[in-house]
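Participant: Sequence and predicted structure are below.
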Amino acid sequence: MDSAPTQWGPGTLVPVTAQPTLSPHLVEVVARCRARAEEMGELRPRKVGTFKSAFTDEAREILVEWRRNGGYERALAEIVADDPELADQ
């Protein structure tokens, strides 16, 4: 590959790497920060297991029907009417 010019003009194809790499120093810093955050409980466990819903099948069906019939949207509109700032959250 030829050496690249110091300034790129419009439409110039610029060689890029498909696999960006981090400097060894940055890799070390990230590893230390990650380990410290894990020690402090700021990271989620690597494997938390299989998700199991707290809702029974019957409760799930009731909620699906409530949403399908517009109950969720009505409740949401009522809450937002009481506190308009919640509409953005």
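Facilitator: Yep, it's here.

Participant: Let's check: the centremost residue of this protein is which one?
Facilitator: Geometric centre of the chain, nearest residue: R44, 13.2 Å, by C-alpha atoms, centre = their mean.

Participant: where in this structure is pLDDT low?
Facilitator: 1-6, 8, 17 (pLDDT under 70).

Participant: burial measure for L63, as a count.
Facilitator: 13 (other C-beta atoms under 10 Å). C-beta coordinates here come from the backbone N, C-alpha and C atoms, glycine included.

Participant: er, K52 actually
Facilitator: K52 has 6 nearby residues by other C-beta under 10 Å.

Participant: same check, this time on E42
Facilitator: So E42, with other C-beta under 10 Å, has 9 neighbours.

Participant: Just the element for it, please.
Facilitator: Using DSSP states H and E, E42 sits within no helix or strand.

Participant: ditto for A35
Facilitator: Assigned by DSSP H and E, A35 falls in helix 24-39.

Participant: Kindly report the same for W66.
Facilitator: Going by DSSP H and E, W66 is part of helix 57-68.

Participant: need the contact list for R46.
Facilitator: Going by C-beta atoms under 8 Å, 6 or more residues apart in numbering, R46 touches no other residue.

Participant: That one and R36, how far apart?
Facilitator: As judged by C-beta to C-beta, to the nearest Å, R46 and R36 stand 16 Å apart.

Participant: buried residues in the next helix or strand after the helix holding W66?
Facilitator: Per DSSP H and E, the first helix or strand lying C-terminal to helix 57-68 is helix 71-82. Residues of helix 71-82 include none that count as buried (16 or more other C-beta atoms under 10 Å).
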